[in-house]
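**Student:** Predicted model and sequence follow; I will ask about them next.
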Amino acid sequence: MPADQLDQVSKYIGSEAPKLNKLGGSDWAQTKAKAKKHVHEIAQDLVKLYSARQRTRGFAFSPDTPWQKELEDAFPYQETPDQLTAIDEVKRDMERPVPMDRLICGDVGFGKTEIAIRAAFKSVQDAKQVVVLVPTTLLVQQHYQTFTERYEGFPVTVGQMSRFQSAKENQETMAGLADGTIDIVIGTHKLLNPKIKFKDLGLMIIDEEQRFGVEDKETLKAIRTNVDVLSLSATPIPRTLEMAVTGIREMSTLATPPEDRLPVLTYVGAYEDAQITAAIRRELLRGGQVFFIHNRVEDIAKVSAKVHELVPEARVGVAHGKMGEKQLDAVIQDFWHRDVDVLVCTTIVETGLDIPNANTLIVDRADRFGLSQLHQLRGRVGRGRERAYAYFLYDPSKPMTQTAHDRLATIAQHTALGSGYDVAMKDLELRGTGNLLGSEQSGHIEGVGFDLYVRMVSQAVEEYKEPERKESLSVAIDLPVEASIPVDYIDSDKLRLEAYRKLASAQDEGDLQELYEELSDRYGTPPAEFETLFAVARLRAQARALGISEINGQSSRVRVGKIDMPESLQIRIGRIYKGSRYHPVTQTLLVPAPFAGSMGAKPMGSMEILAWTAQLLDDLAWKHEGSSQA
Ligand SMILES: Nc1ncnc2c1ncn2[C@@H]1O[C@H](COP(=O)(O)OP(=O)(O)OP(=O)(O)O)[C@@H](O)[C@H]1O
């Protein structure tokens with residue numbers, strides 16, 4: 001594979017038992033063509049939805065009020081640069097007449113909630129009501145507390161709706177929404193019930209949208225057309241795939257963790273009582289609290305008794321989804337107010353729960369959990385400045401499947417802050433994309449692989465969005481030149497591949513200049529070999545401008561195609577390059593190549609070969625006076 005075409009290579013992700021084709025074979029071409037056709041259908045729908053939204057007249061919110069600034073100055077932390085950028089992008093969207101549809105994607109604990117708080121406040125400043133949709137009742141409680149605390153001192157009324165509230169309370173809330181006395185309501189998907197009327201709804205905030213059911217997503221799609229929507233997600237899937245799932249929308253990414261945040265120290269191993277006792281004792285010793293995850297309600301009471309036996313001094317609480325509302329609410333409040341040291345619970349705590357003082361997580365039978373689930377659980381600890389610990393334990397007496405082993409190995413390897421994306425990609429690799437997309441889509445992904453599919457989606461959408469923008473021609477240049485990135489310049493394979501991709505996708509001199517500066521900045525001044533690589537990239541851009549998709553000089557002749565050569569150009573090239581021949585049917589030009597050094601001349605070096613080829617393209621770009629032919 002010529003090094004400068006490495007951008008065409010990507011790791012296959014799609015299914016555990018891929019039926020891969022041979023390159024160049026007809027079945028590969030067929031598989032690709034089928035996927036391409038399917039992708040174009042998706043792209044068409046996506047663009048239709050997108051342009052429909054661009055055409056609707058939404059509400060343009062006013063610029064920030066003085067109270068907005070007061071609220072934001074009261075934030076107890078220094079916002080991360082990404083938080084500030086995301087907040088600005090959200091405000092800009094809200095102030096435009098087109099309905100906003102933006103996704104804030106940030107790893108667990110990176111501070112997505114604060115962005116929602118500020119957007120909601122801004123909406124209320126224009127007397128527009130806000131719905132905050134969250135996937136679990138616990139999160140309703142938590143967000144209600146967070147929002148109420150943050151709005152203290154401001155005339156903002158926040159309501160909540162979930163199974164924790166009594167029927168009477170929910171009735172009152174519905175009345176408050178209808179007459180406008182409630183500005184912001186936080187609740188589960190119950191809020192999507194058409195019986196619930198709003199006086200004047202302006203903004204919908206959706207936390208972890210992919211956790212909602214299909215019918216809820218349809219309802220949300222309908223609401224999207226005339227209400228501003230802000231989605232929050234900790235499950236970072238690639239932008240284009242996310243687009244293929246929920247439609248084209250803007251996206252802000254929180255990639256930097258809040259300052260002083262430390263990676264969670266992760267341990268994967270066999271379950272041992274002594275390990276549990278030591279971990280809990282250590283956490284209690286520093287005044288912290290512990291999540292003990294046991295995901296089977298049937299014997300969770302037994303497990304909690306066991307924990308109590310191991311650490312008698314610990315106050316142990318139990319929480320799971322089958323409990324009565326009051327009981328569940330009470331135990332979470334106790335944990336929140338540090339009246340419980342160890343919370344033995346199911347994965348009900350998995351999404352979004354924010355208990356900064358709980359910094360030890362113990363997961364029993366961790367081999368039974370999905371990879372993203374393990375990552376989400378780990379995100380429940382280490383949400384403040386404290387060093388946090390996560391213990392993923394398995395029962396050594398029970399056999400573990402290979403994928404379970406891979407999951408635990410992955411979660412043990414990906415412990416850095418913000419590793420949610422890598423974990424999500426590995427999760428896709430292990431589980432395939434079936435759960436994320438429909439079976440049809442994942443069928444095509446298995447065929448062409450995840451990376452190529454995602455590229456096809458974004459290419460197809462670009463084509464539909466800007467039909468005039470021709471699909472950028474990929475140019476295959478195969479010349480006898482030495483052009484590769486020395487390992488001692490960039491030693492990581494992954495980073496070297498990234499550099500090749502950027503080189504191959506450079507469209508013009510500006511891109512190359514930018515890349516040169518970036519590389520110099522990251523790795524120091526690029527070595528001489530880069531001159532060759534940049535010269536190849538320039539040649540590629542020159543060929544693309546002429547509509548040439550292939551330059552092959554591996555033999556004693558250079559083959560250039562495809563190019564449309566009028567008579568006048570053929571004569572001219574024939575005069576300059578003796579022995580050259582043009583095939584009008586295949587639009588291919590064959591020119592004798594002097595690379596190998598003929599008649600005693602010394603063989604050409606890489607740079608000379610590239611200069612000679614660039615000159616050939618210059619000559620091919622010759623325009624006959626007065627004619628529009630290339
Ligand atoms: N810029 C910041 N600096 C320090 N702490 C912050 C910052 N922003 C938010 N926090 C705190 O970090 C914790 C996590 O914030 P938040 O709950 O918004 O994260 P999240 O992205 O919603 O996480 P999850 O995906 O788990 O719900 C909270 O206690 C919050 O107060």
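**Tutor:** Received the coordinates, thanks.
**Student:** residues in contact with Leu408?
**Tutor:** Contact analysis of Leu408 by CB atoms under 8 Å, 6 or more residues apart in numbering lists 268, 366-367, 374, 392, 394, 400. The way it works is simple: take the backbone N, C-alpha and C, and place the C-beta from them, glycine included.
**Student:** how does it look with 6 Å?
**Tutor:** The contact partners of Leu408, by CB atoms under 6 Å, 6 or more residues apart in numbering, come to 268, 392.
**Student:** what do you get for Val297?
**Tutor:** Val297 touches 320, 322, counting by CB under 6 Å, 6+ apart.
**Student:** which bits of the chain sit near the ligand?
**Tutor:** Residues of the chain lying close to the ligand (CB under 6 Å from any ligand atom) are 77-80, 83, 106, 108-114, 234, 258-259, 352, 354, 356, 379, 383.
**Student:** In strands only, show me the residues you listed.
**Tutor:** Gly106 (DSSP state E).
**Student:** Just the buried residues out of the residues of the chain next to the ligand, in PyMOL syntax.
**Tutor:** Burial among the residues of the chain next to the ligand is assessed by 16 or more other CB atoms under 10 Å; the matching PyMOL selection reads:
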select buried, resi 79+80+83+106+108+109+110+111+112+113+114+234+258+352+354+379+383
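**Student:** Give the next helix or strand downstream of the lowest-mean-pLDDT helix or strand in the chain.
**Tutor:** In the chain, the helix or strand scored least confidently by mean pLDDT, DSSP states H and E is helix 239-246, which has a mean of 64. Scanning forward in sequence from helix 239-246 by DSSP states H and E, the next helix or strand is strand 250-254.
**Student:** what about that following strand, average pLDDT?
**Tutor:** Here strand 250-254 scores 86 as its mean pLDDT.
**Student:** next one: stretch 540-549
**Tutor:** On average, stretch 540-549 scores 87.
**Student:** again, but for stretch 117-124
**Tutor:** Mean predicted confidence for stretch 117-124 is 98.
**Student:** Mind listing what's buried along it?
**Tutor:** Here stretch 117-124 shows 117-124 as buried, counting by 16+ other CB under 10 Å.
**Student:** Turn those into JSON lines, columns for distance to Gly447 and secondary structure.
**Tutor:** Below are the buried residues of stretch 117-124 laid out as JSON lines (distance: CB to CB, whole Å; DSSP: H, G, I helix; E, B strand; the rest coil):
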{"residue": "Ile117", "distance to Gly447": "44", "secondary structure": "helix"}
{"residue": "Arg118", "distance to Gly447": "44", "secondary structure": "helix"}
{"residue": "Ala119", "distance to Gly447": "40", "secondary structure": "helix"}
{"residue": "Ala120", "distance to Gly447": "43", "secondary structure": "helix"}
{"residue": "Phe121", "distance to Gly447": "47", "secondary structure": "helix"}
{"residue": "Lys122", "distance to Gly447": "45", "secondary structure": "helix"}
{"residue": "Ser123", "distance to Gly447": "44", "secondary structure": "helix"}
{"residue": "Val124", "distance to Gly447": "49", "secondary structure": "helix"}
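**Student:** Against Gly352, how distant is the closest residue to the ligand within the stretch 201-350 of the chain?
**Tutor:** At 3.1 Å from the ligand, Pro258 is the closest residue in the stretch 201-350 of the chain, using CB to the nearest ligand atom. Distance, Pro258 to Gly352, using CB to CB, to the nearest Å: 16 Å.
**Student:** Leu393 falls within a strand, correct?
**Tutor:** Yes. Under DSSP: H, G, I helix; E, B strand; the rest coil, Leu393 falls within a strand.
**Student:** surely it meets Tyr271?
**Tutor:** Yes. Using CB atoms under 6 Å, Leu393 is in contact with Tyr271, at 4.2 Å.
**Student:** More neighbours: which of the two?
**Tutor:** Legend: neighbour count by other CB atoms under 10 Å for Leu393 and Tyr271, higher for Leu393 (22 against 17).
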